[in-house]
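1. compute the structure for the input listed below.
(one chain, ligands or ions: 1)
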Amino acid sequence: MGYTPEMLELIKRVEKSRPERIERAKKGEHFTPLTLAGREEVLGKFHPDYKKEGRRAVKVGPSKGESYPDEFVDLLESKSRLLVDDAALQDLVAYETDVLVIGGGGAGTSAALLAAEHGAKVVLATKLRHGDANTVMAEGGIQGATQEVDSPYFHYLDVIGGGHFTNTPELVEALTHDAPLVIEWLERLGMMFDKNADGRLRVRHGGGTSRKRMHSAGDMTGSEIMRVLRDEARNRQDMITILEFSAAVEILKDTQGRCAGALFYNMETEEYFAIRAKATVVATGGYGRLHVQGFATTNHYGATADGLVIGYRAGVPLAFMHSTQYHPTGVAFPEQNIGLLITEKVRGLGANLLNINGEQFVFEREPRDVESACIIQECLDRNKGIITPTGRIGVWLDSPMIEVLEGPGAVKQELPAKYIQFMRYDIDISKVPMLVYPTLHYQNGGLQINNLTETGVPGLFGAGEASGGVHGENRLMGNSLLDITVFGRRAGRSAAEYVKGLENQSSTLTMDHVRQFHAELQAAGVETNRVSPLVLPNYTREETMEKQLTTHYQGGMR
Ligand SMILES: Cc1cc2nc3c(=O)[nH]c(=O)nc-3n(C[C@H](O)[C@H](O)[C@H](O)COP(=O)(O)OP(=O)(O)OC[C@H]3O[C@@H](n4cnc5c(N)ncnc54)[C@H](O)[C@@H]3O)c2cc1C
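-> Numbering: from 1, shown residues only. Coordinates of the predicted model:
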């Protein structure tokens, strides 16, 4: 298939400007970065978060009055999928454990490992297969100040600057302090980091980093992290039980208001069951599959904000959910790859972003939100984007430059997965550029936690992309893989310690908090027959949708 003749004609302009751009890159010259004021201006005018339309204030719950995307507020202002009276609830208990971890991505698996290491029996329950998660898709790298010229101090400053000085300082301190320890932990678990010829860890720059501290495993860093975490968890069967195809649909409490486990929907048998736990960690990841403002997404199929919805109903406030990260470089062509992430590493390796005339229009290492806003401006305001046969728009990312700057074969070596994904459609990215446009990538916010991952509801902890605060209003590349391992580990340890100190746990489970939430909806005048969490995206096939209906099912899909 490949590019159309019209697109190939336009690529000639890229090829024409390439030699001069390469000469400049070799001299260390680059496009002038924006000033702080320039960044603010382009963000205000073109970043989707700054649009007034498509968002509204939530009318109920602990963050009432805060304004979030409509797609997310719809889920918050919905009813429970299943409301069981307390007597019947006890009969649904299928498992009892010390620590329940909801979500089998990087944060959840790290939490399970550390909880087990601190003596807790763990059940890790996850919606799809263990490892079907955003973690496994992560490409570019994980940050950590492991080099002599670097320190957690510089890392801290970069994180805070990247987040527009809005981040929660105690979380950033934890993130950057634990980073070198986490890199060492992953290596001890068997992770194959990229290395230099002398055996030392290879590090690169990412957007917004003042020091080279991005560690990678080709362009499959997340997959490699997930490989070692999952292996390790599966090797601890004495302490960790793993349940797949089990979607949490509600947090359960005891009669003293403490978290006491969760209610689940078995996606294979289509039955509901409960897990009673002394402590629970929510690690359900992000919300890309809500396709906020119609954006394509990089996220995996299960990224539907479930943990946020059930945590919110249980009384946990949200932090930074007004802020969504659009990755600057999602695939805009071919159609089969739409929304797929092109890692920032491509720009880190020297590839320029170019408009329809083959001209540079932005410094390639601006923070992600600024970079995205600049691409949107170039396409929609200056009309200098490239239109695809289906009417999508994008700009060129000049990957063949990497072959010249890094040596022949560099594209295949550094970006093996991306190379294959494009070759399937007869596009050789070592020879022709990629067409890209911003794509919904990451939810900057989530459940509010402190540096021990406590949520404020006793016994309920949060970690990873489902939590918010550490990245403020903008996450820098490589800090999420770090976030999930740092706070996943902290959550596991905190939950296990909490269990040790727990006295007089009431054995009666209750969904009273859900009943109260329903009453609050009614009092706020929210008339709805919607139910949440979503569990699967709402473009799921009809038959799959129907499978979500059970005899217990209550709600709007009947
Ligand atoms: C394509 C891509 C590339 C990325 N590249 C990078 C990178 O290079 N560097 C970086 O730092 N970050 C990167 N990120 C971001 C990073 O990978 C994620 O933010 C991070 O891995 C999230 O980890 P997590 O464990 O919090 O969530 P996830 O890994 O998404 O795991 C959440 C798990 O919870 C499960 N779940 C969801 N709902 C329920 C429910 N109701 N019940 C039970 N289980 C549930 C999901 O199925 C999933 O298994 C990338 C993200 C994507 C999508």
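
2. quick one: low-confidence parts of this protein?
-> For the chain, the stretches with pLDDT under 70 are 504-506, 543-558.

3. for it, which residue gets nearest to the ligand?
-> Per C-beta to the nearest ligand atom, the residue of the chain with the smallest distance to the ligand is G105, at 2.0 Å. C-beta coordinates here come from the backbone N, C-alpha and C atoms, glycine included.

4. contacting residues around the nearest residue in space to that residue that is not next to it in sequence?
-> Setting aside the residues directly before and after it, G105 is nearest to A133 in space (C-beta to C-beta, 6 or more residues apart in numbering), at 3.1 Å. Each residue near A133 by C-beta atoms under 8 Å, 6 or more residues apart in numbering is listed here: G103, G104, G105, G106, T126, M226, G285, H300, G302.

5. most surrounded residue in the residues you listed?
-> Of all these, the highest neighbour tally under other C-beta atoms under 10 Å goes to G105, namely 35 neighbours.

6. what ranges does the stretch 101-250 of the chain have for its strands?
-> Secondary structure of the stretch 101-250 of the chain (DSSP state E, counting those that start in this stretch): strands located at 122-125, 142-143, 203-204, 214-215, 240-243, 246-254.

7. can you put these in a markdown table and add distance to the ligand and mean neighbour count?
-> Output for those, formatted as a markdown table (distance: least, C-beta to the nearest ligand atom, whole Å; neighbours: other C-beta atoms under 10 Å):
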| stretch | distance to the ligand | mean neighbour count |
| --- | --- | --- |
| strand 122-125 | 6 | 27 |
| strand 142-143 | 6 | 30 |
| strand 203-204 | 11 | 22 |
| strand 214-215 | 8 | 26 |
| strand 240-243 | 9 | 20 |
| strand 246-254 | 4 | 25 |
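
8. T221 is nearest to which of those?
-> Closest to T221 of those is strand 142-143 (C-beta to C-beta; 6.1 Å).

9. I'd like to know which elements the closest one is packed against.
-> Taking 3 or more C-beta pairs under 8 Å, 6 or more residues apart in numbering; DSSP states H and E as contact, the helices and strands that strand 142-143 lies on are helix 169-188, strand 214-215, helix 479-500.

10. again, 10 Å this time
-> Counting contacts by 3 or more C-beta pairs under 10 Å, 6 or more residues apart in numbering; DSSP states H and E, strand 142-143 is packed against helix 152-162, helix 169-188, strand 214-215, helix 221-234, helix 479-500.

11. same list (those) but as CSV, adding distance to T255.
-> Formatted as CSV, these follow (distance: least, C-beta to C-beta, whole Å):
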stretch, distance to T255
helix 152-162, 41
helix 169-188, 32
strand 214-215, 47
helix 221-234, 32
helix 479-500, 18
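
12. of all these, which lies closest to D98?
-> helix 479-500 (4.7 Å).

13. roughly how far is the helix or strand just after that closest one from the heart of the chain?
-> From helix 479-500 onward toward the C-terminus, using DSSP states H and E, the following helix or strand is strand 509-510. Averaging C-alpha positions (C-alpha atoms, centre = their mean, to the nearest Å) puts strand 509-510 31 Å from its chain's average.

14. burial count for D158?
-> Neighbours of D158 (other C-beta under 10 Å): 25.

15. same check, this time on A523
-> A523 has 10 nearby residues by other C-beta under 10 Å.

16. same question, D426
-> Neighbour tally, D426, other C-beta under 10 Å: 10.

17. tell me the secondary structure at it.
-> Classification of D426 using DSSP: H, G, I helix; E, B strand; the rest coil returns coil.

18. wait, what's in contact with the closest residue to it other than its chain neighbours?
-> Leaving out its chain neighbours, the residue that sits closest to D426 by C-beta to C-beta, 6+ apart is G2, at 3.9 Å. Applying C-beta atoms under 10 Å, 6 or more residues apart in numbering, we find G2 in contact with L8, P334, F422, Y425, D426, I427, D428, V432.

19. ok, and of these, which contact the ligand?
-> With the criterion set as C-beta under 6 Å from any ligand atom, no member of the contacts of G2 is near the ligand.

20. which one of those residues has the most neighbours?
-> F422 (25 neighbours).

21. am I right that that one is in a strand?
-> No. Counting by three-state DSSP, F422 is not found in a strand; it is helix.

22. is it true that it touches K412?
-> No. Counting by C-beta atoms under 10 Å, F422 sits too far from K412 to count as a contact (11.3 Å).

23. near the ligand, anything from stretch 411-418?
-> No. If you take C-beta under 6 Å from any ligand atom as the test, stretch 411-418 misses the ligand, and the best it gets is 10.2 Å.

24. pull the distance from that stretch to the chain's centre.
-> The answer for stretch 411-418 is 22 Å, by C-alpha atoms, centre = their mean.

25. the contacts of A133 in helices, which ones?
-> Using DSSP state H to define helices, the subset of these located there is G106, M226.

26. quick one: which of the contacts of A133 is nearest P416?
-> Looking across the contacts of A133 and measuring by C-beta to C-beta, the closest to P416 is M226, at 17.0 Å.

27. what sits against the closest one?
-> Counted by C-beta under 10 Å, 6+ apart, M226 has contacts 104-106, 109, 130-138, 220, 481.

28. ok, D86 next?
-> L252, T255, T508, L509, T510, M511, D512.

29. beta partners of the fifth one?
-> Listed beta-bridge partners, T510: K253 (assigned using DSSP bridges).

30. tell me how far it lies from L89.
-> Distance, T510 to L89, using C-beta to C-beta, to the nearest Å: 7 Å.

31. E473 too?
-> For E473 relative to L89 (C-beta to C-beta), the value is 39 Å.

32. which bits of the stretch 101-250 of the chain sit near the ligand?
-> Counting by C-beta under 6 Å from any ligand atom, the stretch 101-250 of the chain sits next to the ligand at 102-108, 125-128, 132-135, 137-142, 221-222, 247-248.

33. please name the nearest non-neighbouring residue to F333.
-> Counting by C-beta to C-beta, 6+ apart, the residue nearest F333 is L435, at 4.2 Å.
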